[in-house]
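**Student:** Following is a predicted model, sequence given first.
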Amino acid sequence: MIIRRPPDIPSSEITPESVYVDRRKFIQAAAAGAAGLAVNPSALAGLQAPTAQSQEIPPRFANMRSEIDEALNSYEAVTTYNNFYEFGTAKEDPARNSGDFNPRPWKVTIGGECNKPGEYDLDDLMSGITMEDRVYRLRCVEAWSMVIPWYGFQLSSLINRVEPTGNANFLMFKTIVRPEEMPGQRQAILNWPYVEGLRMDEAMHPLTILATGVYGMDLPNQNGAPLRLVVPWKYGFKGVKSIVSIDFVERMPLNTWQRQNSVEYGFYANVNPNVSHPRWSQARERRLPSLFKNHPTTMFNGYAEQVQHLYAGMDLERWK
Ligand code: MTE
């Protein structure tokens, strides 16, 4: 079991849209578990150990409801139904094939238009940064969705720390390339590394986080350990996993899916029920574990009030 360090900043500083979970109690419970209390088998019922990193599910999450008033998806669903082509293209592949991936120690190279470029150790990068639990919808372009309790920090705190210059209009993120540990990368499924980008104002928005955990525990490999992007008003493919570099750039970067198929995918990828994917409507979504499109999709994935000003005056059909 991995026991995380307690956060550096007290819960009182957590922003209103976050959900505060009593981390101290969780850490005590985790410590008690490590000290010999067996993992509650009912909590793990039906959960195949996805990787060597399998961890105990904190029981208090079992019936937790988020501030968006929708039931959380189970830990099992969040960690066994994934997109992470570095480990294969089927939804169950990342949980099955990511056991050899080693996310620690981890360095992130920060470069481009900023005053403090360099290779940062992840722990140093995070020191002094406020960690928070946040419950967000994840809506994928194939029209499935989940409600996931992430753990992480605002991307803005990292950006402020490395002091972008006036020429930094966009950020470009890259996933690590490690074919020896990532079997999908031994084939040209995508043009590796996986690349994503954000406009600076999107990156600075308080809803945008770099996640290091899920369900109160460190991210399992299949969810993008040790560090992945979560932008809740965008389609899931923007959530680049296992980030190894962040560059501040002047021009809009070309992301992996745009490069793969620019007719179907754009840079912004804002969730929008009115703009169809060329091959299917995006008006409804299938909230896992349902087999049916049982939910109407909402503008900006339900976060319109917080983010629509970022796109005022933009043609959202064109800038899809
Ligand atoms: N990041 C990398 N490096 N490789 C990928 O294949 N898939 C994306 C995104 N991040 C992907 C990635 C897609 S399409 C989705 S929907 C989300 O990860 C899924 O995140 P989850 O598996 O944690 O739910």
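**Tutor:** The structure has been received and is ready for your questions. Residues are numbered from 1 along each chain as shown.
**Student:** switch to C-alpha atoms for all contacts and neighbour counts from now on
**Tutor:** OK.
**Student:** Which stretches in the stretch 1-150 of the chain count as helices?
**Tutor:** 23-34, 75-80, 93-97, 122-126 (DSSP state H, counting those that start in this stretch).
**Student:** Lowest average pLDDT across these?
**Tutor:** Confidence, taken as mean pLDDT, is least for helix 23-34 of the helices of the stretch 1-150 of the chain (a mean of 36).
**Student:** what about stretch 73-92, start to end distance?
**Tutor:** For stretch 73-92, the first-to-last residue distance is 16 Å (C-alpha to C-alpha, to the nearest Å).
**Student:** In the chain, what helix or strand scores lowest on average pLDDT?
**Tutor:** Sorted by mean pLDDT, DSSP states H and E, the helices and strands of the chain end with helix 23-34, the least confident at a mean of 36.
**Student:** okay, now residue 182: neighbour count?
**Tutor:** Neighbouring residues of residue 182 were enumerated by other C-alpha atoms under 10 Å; the total is 21.
**Student:** Isn't it up against residue 95?
**Tutor:** No. With contact taken as C-alpha atoms under 8 Å, residue 182 and residue 95 are classed as non-touching, separated by 11.9 Å.
**Student:** Within range of the ligand, give me the residues from the stretch 201-320 of the chain.
**Tutor:** Residues of the stretch 201-320 of the chain lying close to the ligand (C-alpha under 6 Å from any ligand atom) are 223, 236, 237, 239, 240, 241.
**Student:** Can you add pLDDT, secondary structure and neighbour count and give these back as CSV?
**Tutor:** Shown next, in CSV, are these (pLDDT from 0 to 100; DSSP: H, G, I helix; E, B strand; the rest coil; neighbours: other C-alpha atoms under 10 Å):
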residue, pLDDT, secondary structure, neighbour count
223, 98, helix, 28
236, 97, helix, 24
237, 98, helix, 22
239, 98, coil, 23
240, 98, coil, 24
241, 98, coil, 29
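**Student:** how about those residues in TSV, adding distance to residue 309?
**Tutor:** Written out in TSV, the entries for these read as follows (distance: C-alpha to C-alpha, whole Å):
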residue	distance to residue 309
223	30
236	21
237	22
239	21
240	24
241	27
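**Student:** where do the strands sit along this structure?
**Tutor:** Remark: strands of the chain, listed N- to C-terminal, are 107-112, 118-121, 132-139, 144-154, 170-175, 195-199, 209-214, 217-218, 228-230, 243-249, 284-287, 295-296; assignment by DSSP state E.
**Student:** what lines up beside the first one in the sheet?
**Tutor:** Based on DSSP bridges, the pairing partners of strand 107-112 within the sheet are strand 118-121 (antiparallel), strand 243-249 (parallel).
**Student:** Turn these into CSV, columns for mean neighbour count.
**Tutor:** Converted to CSV, the strands paired with strand 107-112 look like this (neighbours: other C-alpha atoms under 10 Å):
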stretch, mean neighbour count
strand 118-121, 15
strand 243-249, 22
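**Student:** Name the residues linked to the closest residue to residue 287 other than its chain neighbours by a beta bridge.
**Tutor:** When the adjacent residues along the chain are set aside, residue 287 lies closest to residue 145, with 4.8 Å between them (C-alpha to C-alpha, 6 or more residues apart in numbering). Beta-bridge partners of residue 145, counted by DSSP bridges, are residue 139, residue 287.
**Student:** Quick check, pLDDT for residue 145.
**Tutor:** If you check residue 145, the pLDDT there is 97.
**Student:** How about residue 68?
**Tutor:** If you check residue 68, the pLDDT there is 73.
**Student:** and it, what is it in contact with?
**Tutor:** Contacts were defined as C-alpha atoms under 8 Å, 6 or more residues apart in numbering; by that measure residue 68 touches 135, 136.
**Student:** any idea how far it is from residue 131?
**Tutor:** 20 Å.
**Student:** quick one on the thing from earlier: reformat the strands paired with strand 107-112 as TSV; add mean pLDDT.
**Tutor:** Formatted as TSV, the entries for the strands paired with strand 107-112 read as follows, by pLDDT from 0 to 100:
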stretch	mean pLDDT
strand 118-121	97
strand 243-249	98
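**Student:** and those as TSV, adding distance to residue 292?
**Tutor:** Formatted as TSV, the entries for the strands paired with strand 107-112 read as follows, by distance: least, C-alpha to C-alpha, whole Å:
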stretch	distance to residue 292
strand 118-121	43
strand 243-249	33
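**Student:** In space, what's closest to residue 175 - neighbours in sequence excluded?
**Tutor:** If you skip the residues right next to it in sequence, residue 175 has residue 243 as its closest partner in space, 4.5 Å away by C-alpha to C-alpha, 6+ apart.
**Student:** Good, wrapping up.
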